[in-house]
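Fold the following for me, if possible:
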Amino acid sequence: MTDLHERMLGAAQVALDRAVAVGDIPGGVCAIALDGHPIGTVASGVRAVIDEHGVPLADEAMVAADPTTRYDLASVTKLFTAVAMLKLAERGVVELDAQVADVLPEFRDGSRGAVTLRHLLTHTSGLPADWGGWHDYIVGEGTDAARWQAPPRDRVLTAILSTPLVREPGSGFEYSCLGYITAMAYAETITGRPWDAILSESVLAPLELNATTFGAPPAQCAPTEWQPELGRGLVTGVVHDEKAFALGGVSGNAGLFATADELVKFGLAIAPAAPGASESRILGRDVFPALWEDALPDLTAAAGWDAATTPDFGQGLGPRIGQAAWMSDACRAARGHPGFTGTSLMIDADRSLVIALLTNRVHPSRGGADGNAIRSQLTAAVCAAALP
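Below you'll find the predicted structure:
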């Protein structure tokens, strides 16, 4: 390990330790890669502060967060979904500008027929941000007797796919989990394969990401939220996102669990293969630009675009580009994605830098600190340590 690597890892350690000390997170793990290779992993704090009954843990009962700890990636899952869809496009199984109505009957009415895979993966489909239908599957919600029913997955998926649009396709930007669930449904239907198999065959197995799975053994995981009011108790080893949970934990918007080391390995695989390259280790030059380049300029220039919806960051087919709110001003050209549970993957090709940050900032409650603070502080510290 070089002095530079030690400085960068030390800066990440200090940032994690500070976030734990002030109570922003119970614990976390950060893995860093530089110049195409992992340089190390640091950890701080503990996996959990309460037990499965909601009772605070004694100090001696707490388990330290370490590089083996698996975290709920939340929306970082969308990056894996996007790469899997692009692999299908690379093989000619799907077309990015094909209308999803050709495969999904729920999209055959009215303006829904114009929705394409490109719309879905850039959050410009016109679908709303969220779907609250999952509440229908909880008996006694908000009471001590609350329990979650187990609805058939196809019934939940049909309900989600039938959600009305909130705007015309291609007329505005609205971050939507439903778009990624719809893309998953499209892939499952056109291939006749379940989503977990598609993702494993196209992404996880080729990259040997053996600890990246939908759900994970609770003993290996950092738990997320304490949710007795939803009949879930302490959510451990199963997805935190309620939409994905209603779908059985396998979804295009959320559901993957991983270690920081495997997440940084994934980041290296989707980054440009070399400075300025138009391909990555896993995506060829025919599809890689769709992942890496900003798709919004072409969309915002089209007639009928609602300028009020244009975000202050770029958007590829999957990654956000230069979102300063969590990437920090130091990495304005970086790509990546944050996750609600307190996770993020950031790739700065200009610096040949990849940072995978895993925390469970929603433990024991989502009412804590905004995850963007620790993300941006850690990124800024690592980048400052990298300066000569």
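
May I see the buried residues of stretch 183-192?
Neighbour-count burial for stretch 183-192 flags 183-188, 190 (criterion: 16 or more other Cβ atoms under 10 Å). C-beta here means a position set from N, CA and C on the backbone, and glycine is covered the same way.

same thing with stretch 340-358?
In stretch 340-358, counting by 16+ other Cβ under 10 Å, buried: 340-349, 351-358.

How about stretch 74-93?
74-90.

Dump it to CSV, keeping only the CA atoms.
What follows is stretch 74-93, C-alpha atoms only, in CSV (Å, rounded to 0.1, in the frame of the first residue of the first chain):
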residue,chain,number,x,y,z
ALA,A,74,-31.7,0.1,-1.7
SER,A,75,-31.8,2.2,-5.0
VAL,A,76,-28.2,1.4,-5.8
THR,A,77,-29.9,-1.7,-7.1
LYS,A,78,-31.0,0.4,-10.1
LEU,A,79,-27.5,0.5,-11.4
PHE,A,80,-27.4,-3.3,-11.6
THR,A,81,-30.8,-3.2,-13.2
ALA,A,82,-29.6,-0.7,-15.8
VAL,A,83,-26.5,-2.8,-16.6
ALA,A,84,-28.6,-5.9,-17.0
MET,A,85,-31.0,-4.2,-19.4
LEU,A,86,-28.1,-2.9,-21.4
LYS,A,87,-26.6,-6.4,-21.6
LEU,A,88,-29.9,-7.6,-22.9
ALA,A,89,-29.8,-4.8,-25.5
GLU,A,90,-26.3,-5.7,-26.4
ARG,A,91,-27.4,-9.3,-27.1
GLY,A,92,-30.3,-8.0,-29.2
VAL,A,93,-33.0,-9.3,-26.8
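
So which of the buried residues of stretch 340-358 sit within strands?
343-348, 353-358 (DSSP state E).

Looking at the residues you listed, which two lie furthest apart in space?
The two members of these with the most space between them (Cβ to Cβ) are Asp348 and Leu358, at 18.2 Å.

Give me the residues contacting stretch 83-99.
With Cβ atoms under 8 Å, 6 or more residues apart in numbering as the test, stretch 83-99 has contacts from 107, 113-118, 121, 183, 186-187, 190-191, 198-199, 202-203, 270, 282-284, 286-288, 290-291, 317-318.

Return a PyMOL selection command for the buried portion of these.
The PyMOL command for the buried members of these (criterion: 16+ other Cβ under 10 Å) is given here:
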select buried, resi 107+114+115+116+117+118+121+183+186+187+190+198+199+202+203+270+282+283+287+288+290+291+317+318
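
hmm, back to that, just the ones in strands among the buried residues of stretch 340-358 now: which is nearest Ala277?
Ile347 (13.0 Å).

Identify the residues contacting that closest one.
Counting by Cβ under 8 Å, 6+ apart, Ile347 has contacts 267, 270-271, 319, 334-336, 353-354.

helix or strand for Val20, which one?
Element membership for Val20 (DSSP states H and E) is helix 3-21.

returning to what we had before: just the ones in helices from the buried residues of stretch 74-93, please.
Under the assignment DSSP state H, these contribute 77-90 to helices.

Can you name the element that comes right after the helix holding Val20?
Sequence order places strand 27-34 as the next helix or strand after helix 3-21, per DSSP H and E.

Give me the helices and strands touching that next one, please.
Judged by 3 or more Cβ pairs under 8 Å, 6 or more residues apart in numbering; DSSP states H and E, strand 27-34 is in contact with helix 3-21, strand 37-45, helix 260-270, strand 353-359, helix 371-386.

ok, 10 Å please
In terms of contacts (3 or more Cβ pairs under 10 Å, 6 or more residues apart in numbering; DSSP states H and E), strand 27-34 is packed against helix 3-21, strand 37-45, strand 71-72, helix 260-270, strand 343-348, strand 353-359, helix 371-386.

Describe which strands that strand pairs with in its sheet and in which direction.
Using DSSP bridges, strand 27-34 pairs in its sheet with strand 37-45 (antiparallel), strand 353-359 (antiparallel).

Which of the ones you listed sits closest to Ile160?
Of all those, strand 353-359 comes closest under Cβ to Cβ, at 27.3 Å.

average pLDDT for that closest one?
Mean pLDDT, strand 353-359: 98.

Report the inter-axis angle for it versus helix 3-21.
20 degrees (axes from the mean of the first three to the mean of the last three Cα atoms, to 10 degrees).

Export the strands paired with strand 27-34 as TSV, with columns for distance to Gly249.
Listed next are those as TSV, based on distance: least, Cβ to Cβ, whole Å:
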stretch	distance to Gly249
strand 37-45	26
strand 353-359	18
